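K.L.:
Model the structure of this input:
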Amino acid sequence: MADAPVKDEAAGHGSLTNAATSGSIWMLLQTVLNKVLALGAMWLLARLLDPSEFGLASYATSIGAFVFVLSPYSLCEVLVTMKSTFHRVAGAAFLVGAIAAALLCIGLTSASGFMERITERPGLAFLLCFVAWRPIADAIQFVPLARIRMDLRYREQAKIDAAVTFGATIASIALAYFGAGALALVLPPIISLALRGVLFTWVTGWTSLRVDPSMIRPMARTFSIAALGQYLGNVIGVLDILVVGWCASSAGIGLFAFAFMLASQANSVLATQVALVLQPIFVRITDDATRQVAAFMRATRMLSAVCIPISIMQATLAPAGFALFFEPKWAGCVPIIIALSIGQAFLFAVMPASALMKAQGRFTVFCIWQFTQLVGSISAYALAVNYGQGIAANMIEYSGLTLDEQSVTPFAIAVASAVAWALFLPAAVWLAGRPGKLGKRAVARLFLAPWIVCIPLAAAVLYASHLMSMFCSATVTHVLTLACFGPIALLLAIIGCAREHPDTWVDFLQFMKRVQRKQTPAA
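P.N.:
Okay, here's the model as predicted:
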């Protein structure tokens, strides 16, 4: 049976499309600001902290994600789908979330000493006592966050997120400077979540949290299903770090964690923020599955036209960037960040696909997909650890990169992670689009077409860099690669990917016009 095409039906989107585009612009501007800030902060933190401190902090937060089975944040996703009954169910949702948060906080704090003993990592218990407060911070923010998203108040959300992120970044640098070590990476993000909740409440006004007893049990049931799906997704997101933590040294964990932070800065933030915009939009058109899936594909194509070029060029430019800006102790990150960046070229779709399934109320389907991916990822990591380390070492040597013994196992796991995302993300997009009869060919084109555009441009960057190395010093070659060859190739790649689909090119031009208008001061 031939694949059924999905029509965009752009004319039917009306004000919802305008709201989504406007919201996406604010999220994009926030993302660009956060990206520039984060890169500078990462450079400073890399000079102030050692790989082992990065590793310990990342391991602690990953354990938290693994332990927090019923995260209160999942209730935000539930409330967004219940706009008509929001004020009736908000109190019951908060009560359920607060109870879950308290139990999780107490549970992880109580188990922190035991976890330090079994992992034999000094200082882990101290960090886990702070990580344990993450559910409390989520409980503070999820009700006002749901309200600001339902009201499509993206401008206020973007401003608050940018300001809080800036404050958290400065706090991390200050703590690292004064010798806080791994705590500098753990504490500020948790405080920032609670602060977001306070500021969102200030913007939206106080929401009555009066509890309707009849809503407690239905809310707890829906929360359990939604939280389980979110938990499986969280475990998938940190599973690679947990595996690295089990198999590698503290320095190896640090190399992997640092590479992951850099590789995921652009795409994960952009995809996450756009998904926050899209879910309330999807909820408002649940009565028309074809139109809903068409809007999803249109937005995801736009994301692919930006995120895939960024990921591929990020992998291409990583050797020059690390050689120019980072100390030799971080050289082992280069092969890891290349593999993780390739995975990011697929990972961008996870948040829009998740947002669509949640907006459709298909939390059970979401859970099944996440569980299947979890099993597949565990299998991939097991193969990488048991059989892939020799292959990984040979790949690093053959590519001419620095072979750091601490990075071999993390690199093997990074490759397995990229393979898992490449296999499961197209399946997730197809699964999310099934109610609108989304065809497999449309899904394949979404992922493959940008690669066809980007690979020749990435090869051209490498070839130009190789030619320059024959006539210039290594430093000059790296500067030209990062400041000239890379940006030109990235711009051409984004334009080429946007032009690959007519609707994407139209959206891209409209997007840039709106950004320009917002940046141009009034006369």
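K.L.:
Can you show me the helices along the stretch 351-500 of the chain?
P.N.:
Secondary structure of the stretch 351-500 of the chain, counting by DSSP state H, counting those that start in this stretch: helices at 363-387, 389-399, 405-433, 440-469, 474-480, 486-499.
K.L.:
could the ones you listed be laid out in TSV, adding mean neighbour count, mean pLDDT and distance to F296?
P.N.:
Heads up, the C-betas are built off the backbone N, CA and C, glycines and all. Shown next, in TSV, are the helices of the stretch 351-500 of the chain (neighbours: other Cβ atoms under 10 Å; pLDDT from 0 to 100; distance: least, Cβ to Cβ, whole Å):
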stretch	mean neighbour count	mean pLDDT	distance to F296
helix 363-387	18	88	14
helix 389-399	15	85	36
helix 405-433	24	90	7
helix 440-469	17	92	11
helix 474-480	16	91	40
helix 486-499	19	91	18
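K.L.:
what's the closest of those helices to M302?
P.N.:
Nearest of the helices of the stretch 351-500 of the chain to M302, taken as Cβ to Cβ: helix 486-499 at 7.8 Å.
K.L.:
can you list the helices of the stretch 351-500 of the chain in TSV and add distance to L303?
P.N.:
Putting the helices of the stretch 351-500 of the chain into TSV (distance: least, Cβ to Cβ, whole Å) gives the following:
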stretch	distance to L303
helix 363-387	19
helix 389-399	29
helix 405-433	11
helix 440-469	9
helix 474-480	30
helix 486-499	10
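K.L.:
For S214, find the nearest of those.
P.N.:
Closest of these to S214 is helix 363-387, at 21.0 Å (criterion: Cβ to Cβ).
K.L.:
For I136, find the nearest of the helices of the stretch 351-500 of the chain.
P.N.:
Proximity to I136, assessed across those by Cβ to Cβ, is greatest for helix 363-387 (24.1 Å).
K.L.:
who touches the closest one?
P.N.:
If you take Cβ atoms under 8 Å, 6 or more residues apart in numbering as the criterion, helix 363-387 is touched by 222, 225-226, 228-229, 232-233, 235-236, 239-240, 243, 247, 354, 357-358, 392, 409, 412-413, 415-417, 419-420, 423-424, 427-428, 431.
K.L.:
ok, 6 Å please
P.N.:
Residues outside helix 363-387 that contact it (Cβ atoms under 6 Å, 6 or more residues apart in numbering) are 225-226, 228-229, 232-233, 236, 239, 243, 247, 357, 412-413, 416, 419-420, 424, 428, 431.
K.L.:
helices and strands around the helix or strand harbouring A184, which ones?
P.N.:
Using DSSP states H and E, A184 maps to helix 183-204. Secondary-structure packing of helix 183-204 (3 or more Cβ pairs under 6 Å, 6 or more residues apart in numbering; DSSP states H and E): helix 124-131, helix 134-150, helix 154-177.
K.L.:
Pick the most buried one from these.
P.N.:
Among these, helix 134-150 has the highest mean neighbour count (mean count of other Cβ atoms under 10 Å), at a mean of 24.
K.L.:
tell me how far it is from the chain's mean position?
P.N.:
Relative to the centre of its chain, helix 134-150 is centred 18 Å away, using Cα atoms, centre = their mean, to the nearest Å.
K.L.:
Which SSE is immediately downstream of the biggest helix by length in the chain?
P.N.:
Ranked by number of residues, the top helix in the chain under DSSP state H is helix 289-325. Remark: after helix 289-325, the chain's next helix or strand is helix 333-347, criterion DSSP H and E.
K.L.:
so how far is that following helix from its chain's centroid?
P.N.:
Chain-centre distance of helix 333-347: 13 Å, with Cα atoms, centre = their mean.
K.L.:
just the angle between it and helix 440-469, please?
P.N.:
Angle, helix 333-347 to helix 440-469, by axes from the mean of the first three to the mean of the last three Cα atoms, to 10 degrees: 150 degrees.
K.L.:
hang on, the earlier thing: now the helix holding A184: buried residues?
P.N.:
The neighbour-count check on helix 183-204 (16 or more other Cβ atoms under 10 Å) flags 183-197, 199-201, 203-204 as buried.
K.L.:
now do stretch 105-120
P.N.:
By neighbour count on 16+ other Cβ under 10 Å, the buried set for stretch 105-120 is C105, L108, T109, A111, S112, M115, E116.
K.L.:
Identify the residues contacting it?
P.N.:
V67, L124, A125, L128, C129, A132, P135, I136.
K.L.:
Redo these as JSON lines? Include pLDDT.
P.N.:
Below are the contacts of stretch 105-120 laid out as JSON lines (pLDDT from 0 to 100):
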{"residue": "V67", "pLDDT": "86"}
{"residue": "L124", "pLDDT": "92"}
{"residue": "A125", "pLDDT": "94"}
{"residue": "L128", "pLDDT": "95"}
{"residue": "C129", "pLDDT": "95"}
{"residue": "A132", "pLDDT": "95"}
{"residue": "P135", "pLDDT": "93"}
{"residue": "I136", "pLDDT": "95"}
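K.L.:
Out of these, give me the two with the largest separation.
P.N.:
The span of the contacts of stretch 105-120, defined through Cβ to Cβ, is set by L124 and I136 at 20.1 Å.
K.L.:
Could you double-check that T290 sits in contact with P435?
P.N.:
No. Contact criterion Cβ atoms under 6 Å: T290 and P435 do not qualify, at 8.3 Å.
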